[in-house]
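Peer 1: got a predicted structure plus its sequence, pasted below:
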Amino acid sequence: MSGTNGSGAEVLMHIEDLWKTYVMGSEEVHALSGASFKIMRGSYVAIMGPSGSGKSTLMNLIGCLDTPTKGVYSLNNRLVSEMDDDELAYIRNKEIGFVFQTFNLLARATALQNVELPLIYNGTPANERKERAIKVLQNVELGERIYHRPNELSGGQRQRVAIARALVNNPSLILADEPTGNLDSKTSVEIMKIFDELYKRGNTIILVTHEEDIARNAHRIIRLLDGKVNSDEPVHH
């Protein structure tokens, strides 16, 4: 699904007055205290913030790995904040492609098998699975490594496998958590180039990072502080 960048774009994600409160003994800890913003389809946004700012909590809520205490979260015109666990699992598998710092690949499986995994969960037929997995591996320039296992790949190649796995379901949103956190600077640049390509193809990308130079690859930076949006500004390239 390609979105139009700029004017006339549709809202993909709407977050309004989102709270996450944890009860620790007798006190309440507000990990997120009233965050609000919108993300348009086809945009590339970085979320930044120091440790304890609510960045990880927000990422878990956006990724449907957790539910808010109160507030509104809608994704693709569906009210995620009201969903039960089964519905959340469906959204996680269908609408969101995750890319983690630690790659999270199955060690004994080939690149191809790792990428096919989300398709197995949603019952895609085997021949179509293979075709789609090969295509996304080619998109991240790993076409000739599809039968290699993670231990036969470099860190950058492993992250490419993880990106391909995130793409294979044609998600509405790619959610990348510190995707260059385990990579050297040269490899980080290569991986950020891939995200840039994906953005140009119309993918919506949310990048969660604490590194300013990585965040500046995005076209907008939302900064959190004490569980709230502290600033929200475009990046001029």
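Peer 2: Received it, and whenever you're ready, just let me know what you need.

Peer 1: what about the helices in this protein?
Peer 2: All helices of the chain, identified by DSSP state H, fall at 55-62, 85-94, 111-121, 126-139, 155-167, 185-200, 212-215.

Peer 1: of all those, which one is nearest Phe100?
Peer 2: The minimum distance between Phe100 and the helices of the chain falls on helix 155-167, with 6.8 Å, by C-beta to C-beta. Using the backbone N, CA and C atoms, a C-beta is placed for each residue, glycine as well.

Peer 1: check which helices and strands that closest one sits against.
Peer 2: strand 96-99, helix 111-121, helix 126-139, strand 173-177, helix 185-200 (3 or more C-beta pairs under 8 Å, 6 or more residues apart in numbering; DSSP states H and E).

Peer 1: let's see that with 7 Å instead.
Peer 2: With contacts taken as 3 or more C-beta pairs under 7 Å, 6 or more residues apart in numbering; DSSP states H and E, helix 155-167 sits against strand 96-99, helix 111-121, helix 126-139, helix 185-200.

Peer 1: tell me the buried residues in the third one?
Peer 2: Judged by neighbour count using 16 or more other C-beta atoms under 10 Å, the buried positions of helix 126-139 are Arg129, Lys130, Arg132, Ala133, Ile134, Val136, Leu137, Asn139.

Peer 1: ok, the residue positioned nearest the centre of the chain - contacts?
Peer 2: By C-alpha atoms, centre = their mean, the chain has its centre lying nearest to Leu175, at 0.5 Å. By C-beta atoms under 7 Å, 6 or more residues apart in numbering, the contact set of Leu175 is Met59, Ile62, Gly63, Ile96, Phe98, Ile206.

Peer 1: out of the helices and strands packed on helix 155-167, nearest to Gly54?
Peer 2: Nearest to Gly54 among the helices and strands packed on helix 155-167 is strand 96-99; the distance by C-beta to C-beta comes to 19.1 Å.

Peer 1: on that earlier part again, tell me the most buried of the helices of the chain?
Peer 2: Between the helices of the chain, helix 155-167 has the highest mean count of neighbours, a mean of 24, where neighbours are mean count of other C-beta atoms under 10 Å.
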